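# Sequence and computational prediction follow.
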Amino acid sequence: MTDADAAPDPTGAAPLSESATADATATPAGQAAPASAEGPPMISMRKVDKHFGDLHVLRDINLEVPRGQVVIVVGPSGSGKSTLCRTINRLEPIDSGDIAIDGVPLPAEGKALAALRAEVGMVFQSFNLFAHKSIVDNVMLAPLKVRKVDKATARTRAMELLERVGIANQADKYPAQLSGGQQQRVAIARALAMNPKVMLFDEPTSALDPEMVNEVLDVMVALAKEGMTMLVVTHEMGFARRAGNRVLFMADGQIVEDTAPDAFFTAPKSERARDFLGKILSH
């Protein structure tokens with residue numbers, strides 16, 4: 001299953017989930033948040049395994065993300081990064097193990113799963129906007145359909161979020177009239193409209209032209225500074241250094257390294273990470 005397979009869903013599936021600022025302050029970039037952060041971890045994965053047929057794509061994944069922390073997931077193609085991201089709200093089911101969001105076990109299906117997904121905003125490589133709806137209507141849709149917010153409140157909130165991501169002046173246009181970077185910022189605003197507890201980003205800039213990347217990363221950096229709990233799969237190493245509290249390096253379905261950004265980029269412990277950085281930072 002690819003990111004392009006994930007169609008927009010106004011009924012509570014992850015592409016329309018969203019987020020308000022978490023009530024904790026993120027640890028400064030380059031430092032790991034303390035393990036004793038108040039309350040349960042915002043994301044907890046224990047002994048998670050996942051196969052695609054004979055391919056073992058996630059191998060015994062154990063991960064805790066405290067509230068307010070920004071975790072960057074990097075690694076070569078096929079290492080399991082996107083699959084890990086997508087299992088957190090069960091866009092991809094797991095074979096074994098346990099996943100919890102803010103202490104609540106992830107339900108297998110049904111209304112309970114839809115309700116928990118509404119707490120987890122997700123932004124994909126592709127924008128998944130409804131082409132026949134205006135920008136502001138795209139942002140309003142999930143609060144109207146899932147949260148049952150009244151239209152006036154939903155529109156006010158949508159305009160606030162579009163202002164926050166810098167495209168309030170595009171509110172009445174349609175997705176095809178916007179650049180890729182602008183559409184991705186709409187997707188972020190749409191995710192935030194549901195006031196989620198955590199935001200997942202699955203390579204949100206990989207489909208963008210190079211000149212559009214920074215406008216999306218700037219929005220993500222601002223979210224990180226506001227204390228949003230974030231897990232970000234990306235190849236943007238500058239963003240990882242600037243906004244991350246931790247870097248997870250994955251290879252062959254495993255978390256090979258889990259460390260602060262400065263430590264990862266200056267002194268990676270594994271040969272696999274050194275090889276990866278040597279290739280990606282030489283371009």
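Looks like it came in fine.

# any idea how far residue 148 is from residue 167?
26 Å (CB to CB, to the nearest Å). Yep, even glycine has a C-beta here, placed from its N, CA and C like the rest.

# who's more crowded, the two?
More crowded of residue 148 and residue 167, by other CB atoms under 10 Å: residue 167, with 22 against 8.

# Give me the phi and psi for the more buried one.
When read as degrees, to the nearest 10, the backbone of residue 167 gives phi -140, psi 30.

# how about it, what does it touch?
Going by CB atoms under 8 Å, 6 or more residues apart in numbering, residue 167 touches 135, 178, 182, 185-186, 189.

# Which residue ranges of the stretch 151-283 of the chain form helices?
151-164, 180-192, 210-225, 237-243, 261-266, 271-280 (DSSP state H, counting those that start in this stretch).

# now those in CSV, with distance to residue 126, mean pLDDT and mean neighbour count?
Output for these, formatted as CSV (distance: least, CB to CB, whole Å; pLDDT from 0 to 100; neighbours: other CB atoms under 10 Å):
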stretch, distance to residue 126, mean pLDDT, mean neighbour count
helix 151-164, 20, 97, 17
helix 180-192, 9, 96, 26
helix 210-225, 13, 93, 18
helix 237-243, 19, 92, 19
helix 261-266, 27, 95, 17
helix 271-280, 23, 93, 14
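
# and residue 127, which of those helices is closest to it?
helix 180-192 (4.2 Å; CB to CB).

# what about the strands in the protein?
43-52, 55-65, 70-74, 96-101, 104-105, 120-123, 198-202, 229-233, 246-251, 254-259 (DSSP state E).

# most packed of these?
strand 120-123 (a mean of 30; mean count of other CB atoms under 10 Å).

# Check which helices and strands it sits against.
helix 180-192, strand 198-202 (3 or more CB pairs under 8 Å, 6 or more residues apart in numbering; DSSP states H and E).

# Is it correct that residue 249 is in contact with residue 265?
No. Using CB atoms under 8 Å as the test, residue 249 is too far from residue 265 to be in contact (10.6 Å).

# on that earlier part again, redo the helices of the stretch 151-283 of the chain as a markdown table? Include distance to residue 58.
Shown next, in a markdown table, are the helices of the stretch 151-283 of the chain (distance: least, CB to CB, whole Å):
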| stretch | distance to residue 58 |
| --- | --- |
| helix 151-164 | 33 |
| helix 180-192 | 24 |
| helix 210-225 | 24 |
| helix 237-243 | 21 |
| helix 261-266 | 21 |
| helix 271-280 | 17 |
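
# any chance of the helices and strands packed on strand 120-123 in JSON lines, with distance to residue 159 too?
Formatted as JSON lines, those follow (distance: least, CB to CB, whole Å):
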{"stretch": "helix 180-192", "distance to residue 159": "10"}
{"stretch": "strand 198-202", "distance to residue 159": "20"}
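
# right, and those - which one's nearest residue 102?
strand 198-202 (7.8 Å).

# The closest one - contacts with which helices or strands?
If you count contacts as 3+ CB pairs under 8 Å, 6+ apart, strand 198-202 packs onto helix 81-87, strand 120-123, strand 229-233.

# TSV please, covering these and showing distance to residue 114 and mean pLDDT.
Below are the helices and strands packed on strand 198-202 laid out as TSV (distance: least, CB to CB, whole Å; pLDDT from 0 to 100):
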stretch	distance to residue 114	mean pLDDT
helix 81-87	16	96
strand 120-123	11	95
strand 229-233	20	97
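
# Give the residue spans of the chain that score low on pLDDT.
By pLDDT under 70, the low-scoring segments of the chain are 1-38, 282-283.

# Give me the residue at the spatial middle of it.
Centroid-nearest residue in the chain: residue 200, 1.5 Å away (criterion: CA atoms, centre = their mean).
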